[in-house]
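S.K.: Please work out how this folds:
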Amino acid sequence: MVLTFSDLRSTRFVQITWICLLLCFVGGSNAAAQLLQNHGPSIATDQAVQPGAFPLFERGHATSVYVADEDEAPVHTAVHAFVGDVEKVAGIRPATISDPSLHGERQIIIVGTLGHSPILTQLAQRHQLDTSAVIGKWESAPVSVVDEPLPGIRSALVVTGSDARGAAFALFDLSRGIGVSPWNWGADVPVQHHTSAVVTERMYIQQPPAVQYRGIFINDEDWGIRPWAARKMDPELKNIGPHTYVRVFELLLRLHANTLWPAMHPGTLPFHSIPENIRLANQWGIVMGSSHSEALLRNNVGEWDEGRDREWNYQTNSAAI
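M.R.: Below is the predicted model of the structure:
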């Protein structure tokens, strides 16, 4: 299923027309709603902290975030973005730690994926963390408060991704809950400012999406996003490049999306011709596809010479095809 958003105009993504959501492998009747199906655990802001609530930040202190060094790249990317979000909201930046025992904190946030985070494995083996609801699931994550997860730590807010995007989506739901819109950069939606934010639920499960692959198709870029990107984002390339795509990747992950069909009109640099594009797609966990006119993942402009290779027709030109 393809939904087309025409004439989307904002301060950042100026005149990006014919941006299409690719809603593939539809498993539910309301496919468009799947991008915003989960809203995260309940978060209270600027209120007196109630017993049992877990503080993300309060009284000038932000809770540190643990992520294992060996966890997957999109988890580290999301953690880095999340601590930046807290700083925008509260004016204080949480520490990112890789060994909780060295920091003497009484409460921490633990973020990771099953099979990649030693602490999550330990908590599951000690039956302090119930992972039964998400094992083997697609892009899912429980967010739960665990008491005494490690020696000296009173409690932890544990984000347990069934995979890397599951953990990232759950973390970005916390960002949204404290007042950072997914469209903060892309459409200049202002950040809300708070003095405190606490999670009021002890257990929340982010369910798998009904639409397995969903995202953005950048089309008709010639007159809109490409000249803007050439001037504002990737002037050294004078084209659409990694500084543009990384903002699209961030928007996708913040919206619980996972797929991009890149720009492909004549005059646009092929996505895979820039190695940094590929590195950033992997860093943000984005699945790259190709559009209607790029059969077999070929580049529509540079990989087929109509004069030399003749027509694109297997019946009459099978050797070249």
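S.K.: Quickly list what Ile43 is bridged to.
M.R.: Listed by DSSP bridges, the beta-bridge partners for Ile43 are Val199.
S.K.: Same question for Ile109.
M.R.: According to DSSP bridges, beta-bridge pairing links Ile109 with Val65, Leu157.
S.K.: wouldn't it be in contact with Ala156 here?
M.R.: Yes: using Cβ atoms under 8 Å, Ile109 is in contact with Ala156, at 6.8 Å. Where you see a C-beta, it was placed from the backbone N, CA and C, and this is true even at glycine.
S.K.: what's the overlap in contacts for those two?
M.R.: Tyr66 (Cβ atoms under 8 Å, 6 or more residues apart in numbering).
S.K.: What are the structural domain limits within the chain?
M.R.: Annotated domains of the chain cover 2-27+211-309, 38-206 [automatic domain parsing].
S.K.: quick one, which of these is nearest to Ala319?
M.R.: Among the domains of the chain, domain 2-27+211-309 comes nearest to Ala319, with 9.6 Å by Cβ to Cβ.
S.K.: I'd like the mean pLDDT over that closest one, please.
M.R.: Mean pLDDT, computed over domain 2-27+211-309, is 80.
S.K.: do stretch 66-77 as well
M.R.: On average, stretch 66-77 scores 96.
S.K.: can you check stretch 131-150 too?
M.R.: Rounded mean pLDDT across stretch 131-150 is 91.
S.K.: can you check stretch 105-123 too?
M.R.: 91.
S.K.: Just the endpoints, please. Distance across that stretch?
M.R.: End-to-end distance for stretch 105-123, by Cα to Cα, to the nearest Å: 18 Å.
S.K.: I'd like the domains of the chain laid out as JSON lines, including mean neighbour count and distance to Ser318.
M.R.: Listed next are the domains of the chain as JSON lines, based on neighbours: other Cβ atoms under 10 Å; distance: least, Cβ to Cβ, whole Å:
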{"stretch": "domain 2-27+211-309", "mean neighbour count": "17", "distance to Ser318": "12"}
{"stretch": "domain 38-206", "mean neighbour count": "19", "distance to Ser318": "38"}
